[in-house]
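1. please work out how this folds:
(one chain, ligands or ions: 1)
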Amino acid sequence: ATTVIDGEAVAADVRADVTTHVETLEDAGVTPGLATVLMSDDPASETYVSMKQRDCEEVGIESVHVEIDADAPADELYDAIDDLNDRDDVHGILVQLPVPDHVDKRSVLRRIDPEKDVDGFHPENVGRLVAGDARFKPCTPHGVQKLLAAYDVETEGADAVVVGRSDIVGKPMANLLIQKSPTGNATTTVCHSRTEDLAGKLAEADVVVAAAGIPEFVDGSMLKDGATVIDVGINRVDADTEKGYELVGDVEYESARGVAGAITPVPGGVGPMTRAMLLYNTVKAAGLQYDVDVNLD
Ligand code: NAD
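-> All right, here's what the predicted structure looks like:
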């Protein structure tokens, strides 16, 4: 029978761990704080930010929110980041992406104090991850790594295929999978929009991480029998529901479930893990800044 990987349950475990670490920090006189910065009118971005604030509240992390007009000059965002970098009560800073076109994303990511960069997108943190000395692992690939570990999915020596090469999912995911570590050691292929024979690559894969942002484009016929299938995709498709849409992954769930050994559903798979790992990175940041041992990897 196919195992349905329960991201909600694993995320609840991570949150319970985080709550314990928040208490350790409180005992040392530190209340961990996360700042979210929003420079966008996009309703999806607004929703993401408010979910992150709610998540913080639930585990005892203080949240601070800064909103910048979407048409304000970029300097306003830089100044806001500088202020947050200087604040003692803010240990993690997250600028909700995407930022408007007139703002240079790279400059934004470089502006954040790398010790407060809980998304792990600052070049210093990207470099550390690649070098096998990660400080903050990006939340989505980190969450996938935790899911694989929670379900004892063997990555060592496995053939893994990551579909997608974005800076926030595909690239760091591939990097984690090739690390010389018990949760890595996979022979990893990264596929992307110019890949010639995706089906051929998938047919060999013991572990598939789908992150292309294309609704249901990996189906059961492309998968190896017994493969572990991690569906990162979150795609809105028109549907006859109250909201007029529904969320589907990058994997065609029903056909894939018939072939896979284990599979994540959408929703309820990777999404909750991404949210939980942000909390994890925030307590880790506070611990690092105050030299409090919160015992996180
Ligand atoms: P992105 O658009 O930045 O990257 C998509 C990648 O897919 C690109 O690298 C591209 O080369 C590749 N690609 C495009 N067409 C392809 C094809 N035909 N074959 C193979 N590869 C192809 O997207 P992203 O930010 O990496 O996100 C990917 C998906 O994951 C989206 O659906 C996004 O909403 C979702 N996402 C989910 C979470 C979560 O918490 N579950 C977090 C981040 C992103």
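2. how many neighbours does the residue nearest to residue 111 when sequence neighbours are not counted have?
-> Ranked by C-beta to C-beta, 6 or more residues apart in numbering and with sequence neighbours excluded, the top spatial neighbour of residue 111 is residue 81, at 4.6 Å. In this view, the C-beta of every residue, glycine as well, is placed from N, C-alpha and C. Around residue 81 sit 24 other residues, with neighbours defined as other C-beta atoms under 10 Å.
3. what does the one 4 residues further on give?
-> The local packing of residue 85 (other C-beta under 10 Å) involves 16 other residues.
4. hang on, it is in a helix, isn't it?
-> Yes: according to DSSP: H, G, I helix; E, B strand; the rest coil, the state of residue 85 is that of a helix.
5. touching, it and residue 110? I think so.
-> No: in this structure, residue 85 is not within contact of residue 110 by C-beta atoms under 8 Å, at 11.8 Å.
6. the most centrally placed residue in the chain: what secondary structure?
-> Among the residues of the chain, residue 140 comes closest to the average C-alpha position under C-alpha atoms, centre = their mean, at 1.7 Å. When classified by three-state DSSP, residue 140 comes out as helix.
7. what sits closest to it if chain neighbours are left out?
-> Spatial nearest neighbour of residue 140, chain neighbours left out: residue 274 (4.6 Å); criterion: C-beta to C-beta, 6+ apart.
8. next: residue 265.
-> According to C-beta to C-beta, 6+ apart, the nearest residue to residue 265 is residue 4 (6.1 Å).
9. partner residues bridging that neighbour?
-> Residue 4 forms beta bridges with residue 263, as assigned by DSSP bridges.
10. likewise for residue 245?
-> residue 238.
11. how many residues are close by it?
-> The burial count assigned to residue 245 is 13, neighbours taken as other C-beta under 10 Å.
12. need the pLDDT of it.
-> Reported pLDDT at residue 245 in the predicted model: 94.
13. same check on the one 3 residues further on?
-> In the predicted model, residue 248 carries a pLDDT score of 97.
14. can you show me the helices along the stretch 1-150 of the chain?
-> The residue ranges that make up the helices of the stretch 1-150 of the chain, judged by DSSP state H, counting those that start in this stretch, are 7-27, 43-59, 74-86, 105-111, 123-130, 139-150.
15. which secondary structure element contains the residue nearest to residue 140?
-> Using DSSP states H and E, the secondary-structure element containing residue 274 is helix 270-290.
16. buried residues, that helix. List them.
-> Taking 16 or more other C-beta atoms under 10 Å as the basis for neighbour counts, the residues of helix 270-290 that come out buried are 270-289.
17. do you know how far the nearest residue to residue 193 once chain neighbours are set aside is from residue 152?
-> Closest residue in space to residue 193, ignoring its immediate chain neighbours: residue 212 at 7.9 Å, by C-beta to C-beta, 6+ apart. Residue 212 is 27 Å from residue 152, where distance means C-beta to C-beta, to the nearest Å.
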